[in-house]
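Chemist: return atomic coordinates for the entry below.
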Amino acid sequence: MTSTGMNMMSRIVFYEDRNFQGRSYECMSDCPDMSSYLSRCHSCRVERGCFMVYDRTNYMGNQYFMRRGEYADYMSMFGWSGGIRSCRMIPMYRGSYRMRIYERENFGGQMYEMMDDCDNIMDRYRMNNCMSCNVMDGHWLMYEQPHYRGRMMYMRPGEYRSFMNMGWSGHFMSMRRITDSFY
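Modeler: Purely as a prediction, here's the structure:
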């Protein structure tokens, strides 16, 4: 199943200053570099849909998942020293979820197929690391610590042979589906 037509309605508004002050930029799709629209970004409001925001251009660096709501001073909330530099709209998806996780890079070591959330791969699968994955269906958030804590990374359908080659220095210990309940 594919993403729904609801994606056209996703909208996030970025503001240069805290508390929704200063110049603003409205975005309804992916934006790899916000510097041409705003000199800085210190607050935002997600009016519809879900987005991943990044502290570097081209969807790089630290990531944070944002759903509908107001983020008046997200920098102190996230612990970021810089502002949002790029964002990616997460399409609404309705269908089955399926992902294979691997203990080592290049799909090596133990492999488990997941179709639902997992708050701790060590407890569920006796797996110490997750260093690569293949997302077959759905959109997922992966976290560096159990119980959906720590840094996160957005995964859409595709093969991810090496998290380290993607600029990720750690491993993932919990995974969550991005479902209708987030919208």
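Chemist: from here on, contacts and neighbour counts on C-alpha atoms
Modeler: Noted.
Chemist: and stretch 26-38, what's its mean pLDDT?
Modeler: In this model, stretch 26-38 has an average pLDDT of 95.
Chemist: alpha carbons only: can I get that stretch in PDB?
Modeler: Taking Å, rounded to 0.1, in the frame of the first residue of the first chain, the C-alpha atoms of stretch 26-38 are listed here in PDB:
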ATOM      1  CA  GLU A  26       5.800  27.900   5.600                       C
ATOM      2  CA  CYS A  27       6.800  24.500   4.300                       C
ATOM      3  CA  MET A  28       4.600  21.600   2.900                       C
ATOM      4  CA  SER A  29       7.300  19.300   1.600                       C
ATOM      5  CA  ASP A  30      11.000  18.400   1.900                       C
ATOM      6  CA  CYS A  31      13.400  21.300   2.300                       C
ATOM      7  CA  PRO A  32      17.200  20.400   2.100                       C
ATOM      8  CA  ASP A  33      18.400  23.900   3.000                       C
ATOM      9  CA  MET A  34      16.400  26.500   4.900                       C
ATOM     10  CA  SER A  35      19.100  29.200   4.800                       C
ATOM     11  CA  SER A  36      17.700  30.800   1.700                       C
ATOM     12  CA  TYR A  37      14.400  31.300   3.500                       C
ATOM     13  CA  LEU A  38      15.500  32.100   7.100                       C
END
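Chemist: what about it, distance to the chain center?
Modeler: 17 Å (CA atoms, centre = their mean, to the nearest Å).
Chemist: what do you get for stretch 50-61?
Modeler: 8 Å.
Chemist: distance between the ends of that stretch?
Modeler: 19 Å (CA to CA, to the nearest Å).
Chemist: try stretch 73-92
Modeler: Its first and final residues considered, stretch 73-92 spans 26 Å by CA to CA.
Chemist: what's around S174, how many residues?
Modeler: 23 (other CA atoms under 10 Å).
Chemist: run through the residues that contact it.
Modeler: 117-121, 142-148 (CA atoms under 8 Å, 6 or more residues apart in numbering).
Chemist: many thanks, have a good one.
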